[in-house]
Each structure stands twice: as structure tokens, then as C-alpha cells.
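Student: one predicted model, sequence on top.
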Amino acid sequence: MGSLQLKSVRKSFGPVDVLKGIDLDVKDGEFVIFVGPSGCGKSTLLRIIAGLDDATSGNILIDGSEVSAVPPAKRGIAMVFQSYALYPHLSVKDNMGLGLKQAGAPKAEIEARTKKASSMLSLENYLARRPAELSGGQRQRVAIGRAIVREPKLFLFDEPLSNLDAALRVNTRLEIARLHRELKATMIYVTHDQVEAMTLADKIVVLDGGVIQQVGSPMELYNRPANLFVAGFIGSPAMNFIDASRLGRSDATTIGVRPEHMALSRESGEWTGRVVHVEHLGADTIVYLDSEKAGLLTVRLFGEHHYEPDEIVHATANAGQLHRFGDDGKMIR
């Protein structure tokens with residue numbers, strides 16, 4: 001079992017409130033990802049769950065038991081850090097088994113768990129090597145293996161892929177997804193990368209300013225963002241926001257439309273604008289245009305399209321894909 005409950009968790013550093021009352025339920029076996037901009041409180045919240053920081057107030061329950069006063073080693077959690085945190089003088093095998101050795105586990109048990117974890121992570125051929133002899137991706141796999149051998153109730157990941165290059169990030173992301181399916185373990189993962197969040201999570205928790213803005217599945221957040229912040233944070237390129245009064249609409253304060261839900265034409269369309277810049281990405285073409293009526297717009301087109309800076313074009317939004325937001329920034333249902 002590995003359920004987690006957070007009840008009114010607050011954290012202050014002097015007069016600064018970093019977390020302003022976090023309530024969250026994580027079910028056993030869920031993959032939950034915390035996302036948000038720098039300083040939103042996501043890493044602080046993870047450290048409080050791990051016991052590395054104390055909450056100012058509130059309750060933390062793992063499998064229904066209050067753990068706020070329980071030291072990190074007794075909480076049944078294992079944490080994977082951004083920096084790997086491997087001992088350079090120890091082999092891969094010894095790094096992976098060190099936590100069990102320090103806990104007094106029998107040698108045969110350490111051997112069996114290390115063997116199982118190294119097989120899951122394709123590290124069997126590297127067990128005798130030291131961290132300096134490994135690539136960044138291999139070191140991160142060792143750090144994940146060190147967590148697996150402990151068979152924790154909760155796996156906590158603190159931006160584990162941020163030190164890897166783009167190709168390694170993709171490969172390691174796939175490995176983490178596979179491990180979640182195989183282990184059926186509860187995983188809580190912090191990242192600022194929304195692609196990681198959208199591709200890995202069962203449930204995403206969007207934080208800003210120490211407050212949960214929305215909790216939901218990746219597609220719930222994409223299709224039904226609760227407010228302007230979530231709408232602008234989830235999705236790449238970001239959603240276009242248009243002052244509704246400029247469009248002559250009185251049913252909302254702001255109209256949102258995602259770049260991929262717009263079409264371009266040289267003949268006619270809803271909003272006329274001048275092309276400012278074009279990004280050719282191969283699979284996609286991103287066109288930025290300055291429209292007098294709607295302001296700066298971003299349009300994402302599938303495939304290769306040829307538009308030139310200063311060209312006059314016409315953009316049209318898919319009427320069924322418009323999002324309406326009120327004065328308070330919340331989505332109008």
C-alpha cells in the first residue's frame with residue numbers, strides 16, 4: 001500500500017508563506033506529478049512529504065497513519081534526486097544496496113533485491129563499475145535502482161531528468177513509465193517540464209504561489225483548465241488569450257484558444273494579421289502573427305507550411321474549441 005493524504009499543509013519561512021494550505025489525496029499505485037513555475041512550492045511540498053522539511057502546520061498521512069513526527073527513514077519512502085547523489089568510491093552494486101546494508105538487511109536479501117532491480121534497469125553489466133565510469137543516464141538509473149531495492153511505499157522524484165540531454169530524457173522517461181507499470185507503486189514526481197507531466201502522470205497537480213490551482217488527468221487539464229493560469233501553463237505553444245471586448249463579446253472577459261485549434265488562410269478568415277515570425281519544426285509549423293483585432297496570435301499547423309514575415313494572412317479559430325474566462329480568471333463552464 002502507498003496512499004498519501006495531505007490535509008491543510010502549510011509552510012512558512014518567516015513572514016513568507018510558501019505553501020498556503022495544501023489538501024490532496026493520492027491513491028495507492030497512482031503516478032502523480034507536481035508541476036508549476038519556479039518558486040511555486042512543488043519541491044518544498046515533496047521535501048515535506050519525505051520528511052526532509054517540517055510543515056508549519058497540517059497533517060501528512062501515509063497509508064492512513066500520521067507521519068509528521070516520523071523521521072524520513074521510517075516513513076517507507078525512497079527519493080530520487082536531480083543530482084543522483086551516488087557515492088563515487090562505491091560500485092554500482094554497492095550504491096544500490098547501501099540503504100539496505102545500513103538498515104541491517106541480510107546479505108542474501110540485499111543480493112536478491114539488487115539483482116532484481118539491476119535486471120529491471122538493464123544495469124547487470126555495470127554492477128562492478130563506479131559512477132565516474134557511467135553516463136548521466138546510467139547514473140540516474142542507478143539512483144532509481146537504489147530506490148527500487150528499498151521496496152518503499154512511496155517513490156518520490158525531484159526533477160530526476162533535468163540534468164540529462166534531450167535524447168536521454170526521452171529514454172529515461174520511458175523507463176520510468178515502464179517501471180511504474182511493472183512495480184504498480186505509488187509515485188510522486190516533481191517537474192517544471194509539462195511534457196513529462198502530460199506523458200507520465202495519471203494525475204497532475206498544478207501549483208502556483210503555494211496554492212493548488214487544479215488537480216486532474218492530463219487531458220482534463222488540457223481540455224478543461226480551471227482558470228487562466230492552468231490554461232496558459234498546460235499546452236505548448238501556450239494558449240492564446242484575447243480580450244473578449246475586442247471581439248465584441250459580452251459572455252466572457254477573456255477568450256482562450258489553443259494554437260493547434262486555429263487555421264490560416266491567405267484568402268479570408270476571422271482575424272486578419274501580419275506574420276511576425278515562422279518556426280519550421282518539420283512535423284509542425286508555428287506561425288506568429290500580429291492581429292489588430294485579436295492581438296499577437298500563435299498558430300500551430302500540422303506539417304510544413306510556407307509563410308513569410310510581413311505576409312498578410314487570415315486566422316480562424318475552431319468555434320467548438322474556444323475557452324471562456326470571467327473577471328476572476330476562472331473558466332466559465
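Tutor: Thanks, I have the structure now.
Student: CA atoms for contacts and neighbours, from now on please.
Tutor: Will do.
Student: show the contacting residues for the nearest residue to His323 once chain neighbours are set aside.
Tutor: Leaving aside its chain neighbours, His323 sits nearest to Gly256 (4.8 Å; criterion: Cα to Cα, 6 or more residues apart in numbering). Contact partners of Gly256, counting by Cα atoms under 8 Å, 6 or more residues apart in numbering, are Met239, Asn240, Phe241, Ile242, Leu322, His323, Arg324, Phe325.
Student: mind doing that once more with 7 Å?
Tutor: Residues near Gly256 by Cα atoms under 7 Å, 6 or more residues apart in numbering: Met239, Asn240, Phe241, Ile242, Leu322, His323, Arg324.
Student: bridging residues for the last one?
Tutor: Using DSSP bridges, the beta-bridge partners of Arg324 come out as Ile255.
Student: from Ser135, how far out is it?
Tutor: Using Cα to Cα, to the nearest Å, Arg324 is found at 48 Å from Ser135.
Student: okay, those two: which has more neighbours?
Tutor: Arg324 (22 against 12; other Cα atoms under 10 Å).
Student: where do the helices sit along the stretch 101-250 of the chain?
Tutor: 107-120, 136-148, 166-183, 194-200, 218-223, 228-233 (DSSP state H, counting those that start in this stretch).
Student: now, of those, which is deepest in the fold?
Tutor: helix 136-148 (a mean of 24; mean count of other Cα atoms under 10 Å).
Student: got any ranges where the chain has weak pLDDT?
Tutor: By pLDDT under 70, the weakly predicted segments of the chain are 1.
Student: mind listing what the spatially most central residue of it touches?
Tutor: Nearest residue to the geometric centre of the chain (Cα atoms, centre = their mean): Ala197, 3.4 Å. Counting by Cα under 7 Å, 6+ apart, Ala197 touches Ile33, Ile204.
Student: roughly how far does it sit from Leu127?
Tutor: For Ala197 relative to Leu127 (Cα to Cα), the value is 31 Å.
Student: can you check Arg10 too?
Tutor: Distance from Arg10 to Leu127, by Cα to Cα: 42 Å.
Student: next one: Val80
Tutor: According to Cα to Cα, Val80 and Leu127 sit 19 Å apart.
Student: please identify which of the two sits among more neighbours.
Tutor: Comparing Val80 with Leu127 by other Cα under 10 Å, the one with more neighbours is Val80, at 23 against 17.
Student: run through the residues that contact the more buried one.
Tutor: Val80 sits in contact with Ala143, Ile144, Ala147, Leu156, Phe157, Asp158, Pro160, where contact means Cα under 7 Å, 6+ apart.
Student: next, it: phi, psi?
Tutor: phi -110, psi 120 (degrees, to the nearest 10).
Student: sorry, back to before: dump the contacts of Gly256 to a markdown table, plus distance to Glu279.
Tutor: Supplementary listing: those in a markdown table, determined by distance: Cα to Cα, whole Å:
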| residue | distance to Glu279 |
| --- | --- |
| Met239 | 17 |
| Asn240 | 17 |
| Phe241 | 20 |
| Ile242 | 22 |
| Leu322 | 24 |
| His323 | 25 |
| Arg324 | 28 |
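Student: now, which of those lie within strands?
Tutor: In this view, the contacts of Gly256 that belong to strands under DSSP state E are Asn240, Phe241, Ile242, His323, Arg324.
Student: wait, which of the residues you listed is closest to Arg173?
Tutor: Nearest to Arg173, judged by Cα to Cα, of those is Asn240 at 28.9 Å.
Student: I'd guessed the closest one sits against Ile255; true?
Tutor: No - with contacts counted by Cα atoms under 7 Å, Asn240 stays clear of Ile255, the gap being 8.1 Å.
Student: these two: which has the busier surroundings?
Tutor: Set side by side, Asn240 and Ile255 show more neighbours around Ile255, with 23 against 20, by other Cα under 10 Å.
Student: quick check: the more buried one vs Leu6, distance?
Tutor: Ile255 is 34 Å from Leu6, by Cα to Cα.
Student: quick check: bridge partners of Gln5?
Tutor: Asp25, Leu61.
Student: what's the burial count for it?
Tutor: 21.
Student: can you pull the contacts of it?
Tutor: Gln5 touches Leu24, Asp25, Val26, Ile60, Leu61, Ile62, counting by Cα under 7 Å, 6+ apart.
Student: and the buried ones among those residues, selectable in PyMOL?
Tutor: PyMOL command restricting these to the buried ones, with burial defined by 16 or more other Cα atoms under 10 Å:
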select buried, resi 24+26+60+61+62
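Student: what's the closest of the contacts of Gln5 to Gly232?
Tutor: Closest to Gly232, out of all of the contacts of Gln5 and judged by Cα to Cα, is Leu24, at 22.6 Å.
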